[in-house]
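Trainee: please find the sequence and the predicted model below.
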Amino acid sequence: MMPQIHRFLSSRPSRAALALAAGLAPGCALADSADATVTHLVSQRIEVASNGSSYHSTNYLAYLVADVRIEVDTGAVGRVKSWKIWLGLAGEQSDTLWFPHYGVQKSYPWYDRPRSVDRTERLMVPEVVWSGYVRARCNELADALRAQGLGNTAIFAEDRTIELAVKATFDVDTTGAGSGNILVEASSWQAQKKLELVCKKWAGAAIPQASDSLATTPSQVVNKGLSIYERSGATGVCKIRLDGWITTDQKNAAVSFRYRNQAGKQSQLWTVNTGESKTATFSHWYDIPNTEWTETGSVRMVGVSHDFESGWAEYSMDCVEGVPQTLTVNDPPKLKMSIVEQGKVMVHGQICPERLKLVGLLEGRGSFSGYAGFVKKNGAPWISPPQEYSIAPGEKVLVGGTYELDWSEVLPPPNQEAIRSDPYFDFNVTNSDNKIVASLKNQMRLVVCKRPALNPVAGGGQGGLTVEPRQPAAPATPQRLQLQPTPQVPPLRQPLRQVR
């Protein structure tokens, strides 16, 4: 007989088939039924970027998200002790990669074990876990195309699509006569939920590659320009923003360049894409060397992937404090984060917050743009919807997220202890290339529920609030009443209404 803990691939056994199996084989042992099924696929598409020779990166903030239904039935004599579900990715001809560390599970105490389970859970798997798998599938496709005689230019000149199945599997631990035999029906490739894996074309695929014998005509830079915006702060630190544009004769051309100042010093390498409009616009911030004299200088663009130079853009500013004589690369934004409790809900006689409001602050230390979001680290995975941002030095940007607290699985605490929860969050920020450039790790909020405050004249019993009996009154002492003249009461003024 098999052990009582079982793992199975996603399936949906027919109830009628189970009944027929029991009727046709009366001598067999009783069997439990269990199933985990992907009912809804939130993530419909995964994209892998290329560089003209390989597929190399995915979105750092992307998640694989799906709803999974878990069904367990132990019949009339069994009980469900525990279950766990998790997701997997598979190609039609490739092995399945499972993600057991990002599943959802539940165990039941001995006194509260159900005979059956039927519920749907949302599962989320972060990009870092499956990125290598999807990149490998795209590069396998590229290798297959090379075996057919295609070169890199032809391979990476267009988007290529692969179907991947999103599967669900489960572990279940049951008791009863049928716990050693769980009936499961295999699931076909056609019946599985699928997402679209897009192996993206290279934006610079029009540039000839060394491995190709034939190549299309390379793109040309037909127009370019550069201007300077000057900024000097209260501390005397000077900055310039370089605003440039590049136009090519072909769509979606990748153009790499550096900035060079009048002294011959060069910046880091920048790459832009001219897109469908054939024109790319961009801005970059730099600190300017300070001297005791007026700061003057000039900057131009110098092409790397294409042969071009822009005209000189000049600046002249009065600064105070000295800094190194070089163009300084921008620093990513500085991050701060706060967590605020919102709403109230009653849980086992205690008042608990209904949700947590996550507030992130980006303080600009350079010119950056990209996405910002919050990720829950412990328990069931969760990510806030990524929010787009753009920031310059000295600017501040607020980012918000709302995390709904789930108290539905909380058992009554022993000895009237306070109900607690301690979620941890990361605050992540990416740049325009979807790479994480700043992160605030493990920001924890200890949530402690409270019992409702009682009126001093009331006592709290097991059944609710109980009013104490009134004490017998003391014998009354006769009092003489004297009527006093009633003073003239001025008319009441209508109270002012507060505007909120």
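Mentor: Perfect, I can see it now.
Trainee: which residues of the protein score low on pLDDT?
Mentor: 1-31, 177-186, 204-217, 232-237, 289-294, 318-330, 454-500 (pLDDT under 70).
Trainee: scan it for its longest strand.
Mentor: strand 160-175 (DSSP state E).
Trainee: paired strands for that one, with orientation please.
Mentor: Here strand 160-175 is paired, per DSSP bridges, with strand 5-9 (antiparallel), strand 79-90 (antiparallel), strand 194-199 (antiparallel).
Trainee: which parts of this protein belong to which domain?
Mentor: Domain ranges of the chain: 5-199, 227-317, 334-448, per automatic domain parsing.
Trainee: so how far is whatever helix or strand Leu226 lives in off the chain centroid?
Mentor: Secondary-structure element containing Leu226, defined by DSSP states H and E: strand 221-232. Distance of strand 221-232 from its chain centroid, counting by CA atoms, centre = their mean, to the nearest Å, is 35 Å.
Trainee: for that strand, packing partners?
Mentor: strand 238-248, strand 295-303, strand 313-317 (3 or more CB pairs under 8 Å, 6 or more residues apart in numbering; DSSP states H and E). Glycine gets a C-beta too; all of them are placed from N, C-alpha and C.
Trainee: nearest to His284, of these?
Mentor: Proximity to His284 (CB to CB) singles out strand 238-248 among those, at 5.1 Å.
Trainee: restricting to C-alpha, output the closest one in CSV.
Mentor: Extracted C-alpha coordinates of strand 238-248, given in CSV (Å, rounded to 0.1, in the frame of the first residue of the first chain):
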residue,chain,number,x,y,z
CYS,A,238,25.8,72.4,-9.5
LYS,A,239,24.2,69.9,-11.8
ILE,A,240,23.4,69.8,-15.5
ARG,A,241,20.7,67.9,-17.3
LEU,A,242,21.6,66.8,-20.8
ASP,A,243,18.5,66.6,-23.0
GLY,A,244,19.2,64.9,-26.3
TRP,A,245,17.5,63.3,-29.3
ILE,A,246,18.6,60.9,-32.0
THR,A,247,16.8,60.1,-35.3
THR,A,248,17.7,57.2,-37.6
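Trainee: now do the buried residues in it.
Mentor: The neighbour-count check on strand 238-248 (16 or more other CB atoms under 10 Å) flags Cys238, Lys239, Ile240, Arg241, Leu242, Gly244, Trp245, Ile246, Thr247, Thr248 as buried.
Trainee: pick the one among these closest to Met124.
Mentor: The shortest gap between Met124 and any of those belongs to Arg241, at 38.3 Å (CB to CB).
Trainee: surely the closest one is in contact with Ala392?
Mentor: Yes - applying CB atoms under 8 Å as the test, Arg241 and Ala392 come out as touching, 7.1 Å apart.
Trainee: who touches both of these two?
Mentor: The contact sets of Arg241 and Ala392 overlap at Trp285, Ser367 (CB atoms under 8 Å, 6 or more residues apart in numbering).
Trainee: show me where this structure has helices.
Mentor: 15-24, 127-147, 152-155 (DSSP state H).
Trainee: okay, now Leu226: neighbour count?
Mentor: Applying other CB atoms under 10 Å, we find 18 residues neighbouring Leu226.
Trainee: so who does it touch?
Mentor: If you count contacts by CB under 8 Å, 6+ apart, then Leu226 has Leu242, Asp243, Gly244, Val299, Arg300, Met301, Ser310, Gly311, Ala313 around it.
Trainee: give me the nearest residue to the third one, chain neighbours excluded.
Mentor: Of all residues beyond its chain neighbours, the one nearest Gly244 is Leu226 (4.6 Å), with distances taken as CB to CB, 6 or more residues apart in numbering.
Trainee: and of the domains of the chain, who's closest to Gln220?
Mentor: domain 227-317 (4.9 Å).
Trainee: endpoints of the closest one, how far apart?
Mentor: Start-to-end span of domain 227-317 (CA to CA, to the nearest Å) is 15 Å.
Trainee: so how far is stretch 139-149 off the chain centroid?
Mentor: Relative to the centre of its chain, stretch 139-149 is centred 33 Å away, using CA atoms, centre = their mean.
Trainee: Tyr63 and Arg258: what is the separation?
Mentor: Noted for Tyr63: a distance of 36 Å to Arg258, by CB to CB, to the nearest Å.
Trainee: kindly report the same for Pro332.
Mentor: Counting by CB to CB, the gap from Pro332 to Arg258 is 20 Å.
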